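A.B. asks: Task: produce atomic coordinates for the following.
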Amino acid sequence: MKHYPNHLDLNPAMHASGSVRLPGSKSISNRTLLLAALCQGSTRICDLLASDDTHVMLMALQKLGVKWEQEGESRNYLVHGASGAFPNHEADLFMGNAGTAIRPLTAALAVMGGDYTLHGVPRMHERPIGDLVEALNAAGTRIEYTGEDGYPPLRIRRGHIHADRMRVRGNVSSQFLTALLMAAPLMARTHAVTIEVVGELISKPYIEITLNLMRRFGVEVHRQDWQSFTIKPGQHYTSPGTIHVEGDASSASYFLAAGAIAGGPVRVEGVGRDSIQGDVRFVEALEQMGASITLGDNWIEAQGGATLRAIDADFNHIPDAAMTIAVAALFADGTSTLRNIGSWRVKETDRIAAMATELRKLGATVEEGADYLRITPPAQLQPAAIDTYDDHRMAMCFSLASLDGAARRGVKVRINDPKCVAKTFPEYFDAFGRIAQHRPL
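C.D. replies: All right, here's what the predicted structure looks like:
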């Protein structure tokens, strides 16, 4: 395991340029692991993300009796599918703070039935899962809360599936719908299963990732607008043989923003114009702010130079990558507003509150709403010690405050508890250090 200090000091950097090879996508990695475990046949997964969240999923699958092997020291794994029924019908599963692991796994285990407990770190027990549990129990599964109603920890017992139509709210987390979609083929043995979305569906690009990967594993989903999804009977997950995990588009946002803020060019490799990840649309926001963006098949490059323009935009479609825009707004020529980001409230921390608090430390004027942030940069940034709230994206975002932009100079930034980046990008600060050219103090 990589060693991290209690805090990390980032000195001001006058320029950012170079290239970064991205780690694998967390969203794709954990979905692929679960689908490979559920399918018929063995699947070779190449370039799997090495992080806390994928480790949690791998250990859970191992406890459930799914066999897998890592190829030497590489990031390639061979997963032997369990053909829709895990060998072990009893297990106590620690899920850390990995929403991409606990939510789909809860649905799959509830449909299979058995005697399972799922729990995680204290913050996981504050992250809602009630909408998913209600949808599953209404269909005949038997999930119980062992702590506060609506939140993990959970106890799953054997139920009796009797419904062919399910309903789930779409405005809290798209992971609830993803979980139901991935488990639906296990329910649709003899009749079709339809999942209806109640209200607005947030983070639609993440559902597109789910549907794309399900298709790769042989299951087609009929989508009617974004309101209902139908899985026809008799479909089974089957191995695609080999599947490659794209570079993480959310992680790409920090380096592309660095290129936009501090000159560039900065290129990220492992994700490009044909990505199945919605977060590649982050570059559209950077272009609105004045950055020059170039896309290749498997790379994206960002270049800046002029003062960034303030932005007023809806970020419902890219909530994770939108956090990077909040820090980039420190280098803009006026007040920026990030709208429709209410899902930030139920992430690894309350990201709206956390972001507002830490931006103010750097001198920004911040207005915080239920589902928006309004950020006015100061004339000059102030050095600050940034608290990270055990949230990987807080740590990575605020590294950008050390960069020199055209509008204002970067400052010395202390990142407290930098080990939180291990959740998705253990080598982040090494990669950031390679593109940031420090100015003499």
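A.B. asks: Determine the longest strand present in the chain.
C.D. replies: Using DSSP state E, we find that the single longest strand of the chain is strand 13-21.
A.B. asks: what distance separates whichever helix or strand comes after that strand from the centre of its chain?
C.D. replies: Once strand 13-21 ends, the next helix or strand along the chain (criterion: DSSP states H and E) is helix 26-38. Centroid separation for helix 26-38 versus its chain: 13 Å, with Cα atoms, centre = their mean, to the nearest Å.
A.B. asks: Which positions in helix 26-38 come out as buried?
C.D. replies: Neighbour counts over helix 26-38 (16 or more other Cβ atoms under 10 Å) mark 26-38 as buried. Using the backbone N, CA and C atoms, a C-beta is placed for each residue, glycine as well.
A.B. asks: would you turn those residues into CSV with pLDDT?
C.D. replies: Shown next, in CSV, are the buried residues of helix 26-38 (pLDDT from 0 to 100):
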residue, pLDDT
Lys26, 95
Ser27, 95
Ile28, 98
Ser29, 98
Asn30, 98
Arg31, 98
Thr32, 98
Leu33, 98
Leu34, 98
Leu35, 98
Ala36, 98
Ala37, 98
Leu38, 98
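A.B. asks: give me every residue that touches Lys412.
C.D. replies: 9-12, 383, 402, 441 (Cβ atoms under 8 Å, 6 or more residues apart in numbering).
A.B. asks: what's the distance between it and Phe429?
C.D. replies: Separation of Lys412 from Phe429 (Cβ to Cβ, to the nearest Å): 15 Å.
A.B. asks: Please apply the same query to Thr230.
C.D. replies: As judged by Cβ to Cβ, Thr230 and Phe429 stand 45 Å apart.
A.B. asks: cool, Leu38 as well?
C.D. replies: 36 Å.
A.B. asks: Same question for Phe176.
C.D. replies: 33 Å.
A.B. asks: neighbour-wise, which of the two wins?
C.D. replies: Shown here are Phe176 and Phe429; by other Cβ atoms under 10 Å, Phe176 has more neighbours (28 against 19).
A.B. asks: Contact partners for the more buried one?
C.D. replies: 103, 129, 131-132, 135, 168-170 are the contacts of Phe176 under Cβ under 8 Å, 6+ apart.
A.B. asks: Restricted to strands, list the residues you listed.
C.D. replies: 168-169.
A.B. asks: Just flag the most distant two among the contacts of Phe176.
C.D. replies: Using Cβ to Cβ, the two most remote members of the contacts of Phe176 are Ile129 and Gly170, lying 14.8 Å apart.
A.B. asks: Those two: which has the busier surroundings?
C.D. replies: More crowded of Ile129 and Gly170, by other Cβ under 10 Å: Ile129, with 26 against 21.
A.B. asks: sorry, back to before: and of the contacts of Phe176, the nearest to Cys46?
C.D. replies: Arg103 (24.8 Å).
A.B. asks: Sketch out the low-pLDDT regions of the chain for me.
C.D. replies: The model of the chain has pLDDT under 70 over residues 1, 439-441.
A.B. asks: For Ala385, list the residues it contacts.
C.D. replies: Ala385 touches 7, 361, 413-414, 416, counting by Cβ under 8 Å, 6+ apart.
A.B. asks: what lines up beside the helix or strand it falls within in the sheet?
C.D. replies: Assessed by DSSP H and E, Ala385 sits inside strand 384-386. Paired neighbours of strand 384-386 in the sheet (DSSP bridges): strand 413-416 (parallel).
A.B. asks: thinking again about what came up before, so which of the contacts of Lys412 belong to strands?
C.D. replies: 9-10.
A.B. asks: I'd like the contacts of Lys412 written out as a markdown table, with distance to Met124 added.
C.D. replies: Compiled in a markdown table, the contacts of Lys412 are given as follows (distance: Cβ to Cβ, whole Å):
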| residue | distance to Met124 |
| --- | --- |
| Asp9 | 30 |
| Leu10 | 29 |
| Asn11 | 35 |
| Pro12 | 36 |
| Pro383 | 33 |
| Ser402 | 31 |
| Leu441 | 40 |
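A.B. asks: Just name the closest of the contacts of Lys412 to Phe255, please.
C.D. replies: Distances from Phe255 to the contacts of Lys412, taken by Cβ to Cβ, are shortest for Ser402, at 13.7 Å.
A.B. asks: State the distance from the closest one to Ala13.
C.D. replies: Distance from Ser402 to Ala13, by Cβ to Cβ: 5 Å.
A.B. asks: what's the overlap in contacts for those two?
C.D. replies: Joint contacts of Ser402 and Ala13 (Cβ under 8 Å, 6+ apart) are 410, 436.
A.B. asks: tell me how far the strand holding Ala385 is from the chain's mean position?
C.D. replies: Here strand 384-386 shows a centroid-to-chain-centroid distance of 24 Å under the convention Cα atoms, centre = their mean.
A.B. asks: neighbouring contacts of the helix or strand that comes right after that strand?
C.D. replies: Downstream of strand 384-386, the next assigned helix or strand under DSSP H and E is helix 392-398. Helix 392-398 has contacts (Cβ under 8 Å, 6+ apart) with 250-251, 254, 320, 323-324, 326-327, 347-349, 351, 354-355, 358, 386-388, 413, 415, 417-418, 420-425, 428, 432.
A.B. asks: May I have helix 392-398 as CSV, with CA atoms only?
C.D. replies: C-alpha atoms of helix 392-398 as CSV (Å, rounded to 0.1, in the frame of the first residue of the first chain):
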residue,chain,number,x,y,z
HIS,A,392,-11.0,12.0,-2.8
ARG,A,393,-12.4,14.6,-5.1
MET,A,394,-12.0,17.4,-2.5
ALA,A,395,-8.3,16.6,-2.3
MET,A,396,-7.7,16.5,-6.1
CYS,A,397,-9.8,19.6,-6.9
PHE,A,398,-8.0,21.9,-4.5
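A.B. asks: and it, how far from the chain's centre?
C.D. replies: 13 Å.
A.B. asks: Flag every buried residue along that helix.
C.D. replies: Buried residues in helix 392-398, counted by 16+ other Cβ under 10 Å: 392-398.
A.B. asks: Show me which of these is closest to Glu71.
C.D. replies: Checking these one by one against Glu71 (Cβ to Cβ), the nearest turns out to be His392, at 26.1 Å.
A.B. asks: can you list the domains in this structure?
C.D. replies: 7-22+247-437, 26-229 (the TED database).
A.B. asks: okay, those in CSV with distance to Pro240 next?
C.D. replies: Shown next, in CSV, are those (distance: least, Cβ to Cβ, whole Å):
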stretch, distance to Pro240
domain 7-22+247-437, 14
domain 26-229, 5
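A.B. asks: Looking at those, spot the one closest to Ser239.
C.D. replies: domain 26-229 (3.4 Å).
A.B. asks: now the end-to-end length of that closest one.
C.D. replies: By Cα to Cα, to the nearest Å, the extent of domain 26-229 from end to end equals 24 Å.
A.B. asks: cool, and stretch 121-130?
C.D. replies: Span of stretch 121-130 from end to end, Cα to Cα: 18 Å.
A.B. asks: Appreciated, that's everything.
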